[in-house]
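Asker: Just a sequence and a predicted model for now, questions to come.
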Amino acid sequence: MNFSILIRIAFLSCWLIVFGLLLERDYFVKTIEVRETEILKRGREESFMGIYFQGERIGYVKNRLYKTDNQTVALEQNAYMRLNILNESHPISMDVKAELTDSFLMKHFDFKLSSPFYQMQAQGEVIGNDVHFTLLTGKEEIKDIIRLKKPPFISTNQRAYLLKEGLKEGEKIKIPYFDPISLSGKDTIMEYRGYEKKLIKGRVYKLHHFIETFSGVRINSWIDDNGKVIQEESPAGFVFISEPEFKATDIALKGKEILSAVSAPIIGRMPDITKLNAIQYRLSYPEGAEVELDTDRQQLAGDMLTVTIESLPAINSLPCSGYDNELASTPYIQSLNQAITDQVSDLVDENDPPLATARIISEWVYNNLEKRPVLGIPDALTTLSIKKGDCNEHAALFAAMARNAKIPTRIVAGVVYYDDAFYYHAWNEVCLDDRWISLDTTKNQFPADISHIKFISGETKEMIKIGALLGKLTIEVMGTEDSLEQGKHPN
């Protein structure tokens, strides 16, 4: 697979996380100040929502709630999509099973994600305020605890609790929730926008409008007087609409090609960056987006961003100290796993200089991974096993191997230029000689070229922040290193 295809699919893992958070936000674990105490109005309830992309139905969500024999509530929720990626159909499914109290507080859950090259399962139970979970990636079993301030609460597409809050137009509430994909807790802000008319599929409804914000991502929801969600709009043009089963499951055979919607347009002429050490861009992106621009090799002044390529440190430079998080083994960056240790030991000697070690690992990842889309949550151990992946898998595997070699390493995400546009991308940074240096194992660049613009750093739970930029980012080329020195525009 050539590089142009690879970078165009890079955003999909990020969007999958955005989609998953939207999905579980509707149907999965939350906590709120008011407990929902009403039991189901009837013994069984089943509802469907169609998933649309640019006006075409590409999937559906099925939600089923029912009372069990022991007077608890069972939740069964299934989501299915077919994504058109470069005119090939890629199926994705997500499934949740959970047992709830009659107040809709979670007792335990089972979450599954499946795509052609990826399988993930998380199981957990609530003990007090904490979620004790086991993560199964197909290659490793990981046990951990997520500590929450309150017992987690199940929300379905019946959200009468929001109306019971008695919110007035413009008022906001904070809702902490648990995300089963990134296995983390987050706070979301829900703002009530009032009672309004909304045209949905040719029919006019009077609905309550809510805007939800988390990590800079904005989601619009419209619910009826009974608290049922009628429509939701998520980043990058995805829409959820309440529909009868026969409509929701009538999915387009191929649908519109998804990647054309997410590249960031470029204004101006991109110079030959292979001969440049610095460049300046003017950025336009949504207010409130949680981005990291004025850091390391990037300098931000107003809306003007200057990116300067790093010089590599001396061969005998030492790793930075004080970065325990960037050396840690995590559920998706399993740097202490024996398979990761064995692979690193096969490549480098513990006496090799850290710079040489980083370069060797980087080149090995570049040369040994088949570059193709893997629609899932980037996981270093699975990537090492299947040796397939896009930029997200490259970055996760390099991070695990470099951390195993005692080099502080982080995953960063942003955009990279290719073929008259900027595409969402992930790469790495290592800390040597008291400074962070970029590298891209997808392109085999160390350091990465100056078309790489970093917006965030972190792992899966941070990737959601990219969602705030999808379809709303523009980049204008303002100057190269020569024109910057002379105060001239490149055109």
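Answerer: Everything's here; your move. Numbers count the residues shown, from 1 in each chain.
Asker: And stretch 201-215, what's buried?
Answerer: By neighbour count with 16 or more other CB atoms under 10 Å, stretch 201-215 contains the buried residues 207-210, 212-215. For the C-beta atoms, the positions are set from N, CA and C on the backbone; glycine is no exception.
Asker: and what of stretch 160-167?
Answerer: The neighbour-count check on stretch 160-167 (16+ other CB under 10 Å) flags 161-162, 167 as buried.
Asker: which ones among those residues are found in helices?
Answerer: Secondary structure from DSSP state H places 161-162 of the buried residues of stretch 160-167 in helices.
Asker: Is the nearest residue to residue 141 once chain neighbours are set aside bridged to anything, and to what?
Answerer: In space, and not counting its chain neighbours, residue 141 is closest to residue 134: 6.1 Å by CB to CB, 6 or more residues apart in numbering. Beta-bridge pairing of residue 134, defined through DSSP bridges, involves residue 123, residue 143.
Asker: Provide a list of residues in contact with residue 134.
Answerer: By CB atoms under 8 Å, 6 or more residues apart in numbering, the residues touching residue 134 are 122-124, 141-143.
Asker: Which one (most neighbours) among the residues you listed?
Answerer: Highest neighbour count within these, by other CB atoms under 10 Å: residue 124, with 26 neighbours.
Asker: and it, what does it touch?
Answerer: 108-109, 131-134, 146, 180.
Asker: what ranges do the helices span in the stretch 251-400 of the chain?
Answerer: Counting by DSSP state H, counting those that start in this stretch, the stretch 251-400 of the chain has helices at residues 338-347, 354-368, 380-386, 391-404.
Asker: Which of these has the lowest mean pLDDT?
Answerer: For the helices of the stretch 251-400 of the chain, the weakest mean pLDDT is recorded on helix 380-386, namely a mean of 90.
Asker: Dump the C-alpha coordinates for that one into CSV.
Answerer: Extracted in CSV, the C-alpha atoms of helix 380-386 (Å, rounded to 0.1, in the frame of the first residue of the first chain):
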residue,chain,number,x,y,z
ALA,A,380,1.3,-2.4,20.4
LEU,A,381,1.2,-6.1,21.2
THR,A,382,-1.4,-7.0,18.6
THR,A,383,0.5,-4.9,16.0
LEU,A,384,3.7,-6.8,16.8
SER,A,385,1.9,-10.0,16.3
ILE,A,386,0.0,-9.3,13.0
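Asker: Can you list the buried residues in it?
Answerer: For helix 380-386, the neighbour count (16+ other CB under 10 Å) marks 380-384, 386 as buried.
Asker: Tell me the pLDDT of the closest residue to residue 313 other than its chain neighbours.
Answerer: Distance criterion CB to CB, 6+ apart; nearest residue to residue 313, sequence neighbours excluded, is residue 433 at 3.7 Å. Predicted confidence (pLDDT) for residue 433: 94.
Asker: and if you look at residue 481?
Answerer: Note for residue 481: predicted pLDDT of 61.
Asker: Then residue 259?
Answerer: 64.
Asker: can you list contacts of stretch 212-222?
Answerer: With CB under 8 Å, 6+ apart, stretch 212-222 has contacts from 18, 21-22, 25, 186-191, 198, 200, 205, 207-211, 229-235, 286, 288-291, 462, 464-465, 467-468.
Asker: Type out the PyMOL command that picks the buried ones from the residues you listed.
Answerer: This is the PyMOL syntax for the buried subset of these, where burial follows 16+ other CB under 10 Å:
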select buried, resi 18+21+22+25+186+188+190+191+207+208+209+210+229+230+231+232+233+234+235+286+289+291+462+464+465+467+468
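Asker: So which of the contacts of stretch 212-222 sit within strands?
Answerer: Using DSSP state E, 186-191, 198, 200, 205, 207-211, 229-234 are the members of the contacts of stretch 212-222 that sit in strands.
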